[in-house]
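J.: below are the sequence and a predicted model for it; my questions follow.
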Amino acid sequence: MPLDELMKIRRAKLDEMYKQGINPYGERFERTHLAREIIENFDQLAETETRIAGRIMSFRTHGKASFADLADLSGRIQLYVRVDQLGEAKYEQFCKLDIGDIIAVRGRIFRTRRGEISVEVHDFLMMAKSLRPLPDKWHGLKDVEIRYRQRYLDLIVNPDVREVFATRSRVIHALRSFLLEQGFLEVETPMLNVIAGGATARPFVTHHNVLDMDLYLRIAPELYLKRLLVGGFEKVFEIGKNFRNEGVSTKHNPEFTGVEVYQAYADAADMMKLTEELVAHVAREVVGSTDVQFGDYAISLAPPWPRLPMLEAVKQYAGVDLSGIDDAQARKLAKDQGLEVAPDASYGQVLEEFFDTYVEPNLIQPIFITDYPVEISPLAKRKKDNPQLTERFEPFVVTWEIGNGFSELNDPIDQLERFRKQVEKRESGDEEAHMMDEDFITALEHGMPPAGGLGIGIDRLVMLLTNSRSIRDVILFPHMRPRG
RNA sequence: GAGCCAUUAGCUCAGCAGGUAGAGCACCGGACUUUUAAUCCGGGUGUCCCGCGUUCGAAUCGCGGAUGGCUCACCA
């Protein structure tokens, strides 16, 4: 039946309600129980009176007695209605209800002959009339486009989806309380930036009308958080959105949620420890174990995770030793292996290319890759024994990079030099290279304590803990093009 | 941004040697006072994603477009 006809029928029922003096859009209702509470505590609650509310999910009418399923946030419970309890008029009203209507019920808790815990309806009130049909009660909603665009339908009809987002909430809660307990201070820094820094990514541009100036949506909070280290906040973190004007994929949404953590007088090694403890803590709190199943993989998140220097990893997986060579030699090795790199690619970029191609696809169990080349790590402290490399690490699980951390560069002169290199790249067309942030240099010139910093991609962490293959399945309203 | 695939009733899906569209659920009417994917009887149905073309005839074939999915590229 076409949608407009289905809607007409419901509109007619709505009009009928008004005619009978019923308000189809009800008000405050005090519930005594949730569906799940009734089911879990049936032994104590049997034969008592309850007040519940929720959405009607299905009907089974039997003439003078009928059944319906009512769903609230906790789950579903069966309603039982009989004409000799409700009276003819009210019973008729009940039978005219539609799947999707939201009602409040007063009734008696009992168990049916078939053993189903139910509520015998003694009275009910309209909370909201539904004017549109719900998706199929048995098959649910499968059309992914509708699931994302009209997420509320997905949530009504597919209970496991609701569970994923409840888990997401618990992940963020666990993460936040873990950091707070360790004495970190939660802060908020600007999303509207004059300079988009702290990561290599293309930013979104927006415009401030009154000031008549373009602003960037932040790509990372890093440079603000480090200004706070200068200011004397020695342990800070921020949970929030970052915006990157780049491709959309199963692992990338234009806006995504991250946590960044900074700790004065710590270093990369401390942050690795913090990372593995934090992730293990979250897993324990949220799924009850550090063992999680992701697709075909049984993943153990229990610390400690192995540490593997990037050069070692490339030697191990690609069989190529890139240590102690210059840019030209590196490019030649890449060419020999059939890897495509830019004609002016630096040593660090070549190393990264080797890593991405040969190593990354193999990193299933959690591991820290360490010692990233300086050219691709403009904010990280150099290694004492090898200035080509930095004290930087990235945690990997199921082949995904789930974070990034390092010993923070606190030398303003080196930082300025690194920014200049980035600006050169920018001027030669690399839109992802850093912009010059003189104000940040000024901050460093006042003295920033040595510190460890860490960023974790929360969406990917949630994907891991909910066995979700697409980032869109862990973001309530993922980015979509407007419908044609 | 490129390649491949998908789009048919409110939902889930059939139909595709080209002959003008079907099922289940939902919906409407009827029977039924403990059912649970309730059952039984009866009923209605659509811009077959959009446009252009080929053809006597297009849901079906061709071209262009839209949206989505997957893979690749950039990245977290």
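T.: Yep, that arrived.
J.: can I assume A:S468 is in contact with A:V164?
T.: Yes: the criterion here is CB atoms under 8 Å, and A:S468 meets it with A:V164 at 6.5 Å. Quick note: C-beta positions are derived from backbone N, CA and C, even for glycine.
J.: got any residues that touch both of those two?
T.: Taking CB atoms under 8 Å, 6 or more residues apart in numbering as the contact rule, A:S468 and A:V164 both touch A:V462, A:V474.
J.: ok, residues contacting the strand or helix carrying A:L125?
T.: Take DSSP states H and E as the rule and A:L125 turns out to sit in strand A:117-128. By CB under 8 Å, 6+ apart, the residues outside strand A:117-128 that reach it are A:17, A:22-26, A:29, A:38-39, A:42, A:49-50, A:52-53, A:67, A:70, A:77-82, A:85-86, A:90, A:94, A:101-112.
J.: what's the offset of the top helix by length along chain A from the middle of its chain?
T.: When chain A is parsed with DSSP state H, its longest helix is helix A:159-181. Distance of helix A:159-181 from its chain centroid, counting by CA atoms, centre = their mean, to the nearest Å, is 9 Å.
J.: and the next helix or strand past that helix?
T.: Next helix or strand after helix A:159-181 toward the C-terminus (DSSP H and E): strand A:185-186.
J.: what packs against the helix or strand following that following strand?
T.: Of the helices and strands lying after strand A:185-186 in sequence (DSSP H and E), the nearest is strand A:192-193. In terms of contacts (3 or more CB pairs under 8 Å, 6 or more residues apart in numbering; DSSP states H and E), strand A:192-193 is packed against strand A:213-217.
J.: of all the residues in the strand it packs on, which ones are buried?
T.: Within strand A:213-217, the residues scored as buried using 16 or more other CB atoms under 10 Å are A:L215, A:Y216, A:L217.
J.: now for that strand, which elements pack on it?
T.: Strand A:213-217 is packed against strand A:192-193, strand A:205-208, with contacts defined by 3+ CB pairs under 8 Å, 6+ apart.
J.: distance from the chain centre to that strand, please.
T.: Chain-centre distance of strand A:213-217: 25 Å, with CA atoms, centre = their mean.
J.: show the average pLDDT along the helix or strand just after that strand.
T.: Counting by DSSP H and E, the element after strand A:213-217 in chain order, helix or strand, is helix A:222-230. For helix A:222-230, mean pLDDT rounds to 97.
J.: now for helix A:222-230, which elements pack on it?
T.: Contact here means 3+ CB pairs under 8 Å, 6+ apart; on that basis helix A:222-230 packs against strand A:235-243, strand A:255-264, helix A:438-445, strand A:451-457.
J.: and the helix or strand that contains A:L461, does that touch RNA strand B?
T.: Per DSSP H and E: A:L461 is located in helix A:458-466. Yes: between helix A:458-466 and RNA strand B, judged by CB under 7 Å from any atom of the strand, the touching residues are A:D459, A:R460.
J.: other residues contacting that helix?
T.: Helix A:458-466 has contacts (CB under 8 Å, 6+ apart) with A:163-164, A:167-168, A:171-172, A:175, A:239, A:251, A:253, A:256-259, A:279, A:282-283, A:286-287, A:292, A:294, A:299, A:397-398, A:400, A:402, A:468-471, A:473-475.
J.: swap in stretch A:16-33?
T.: A:14, A:45, A:49-53, A:93, A:96, A:104, A:125-129.
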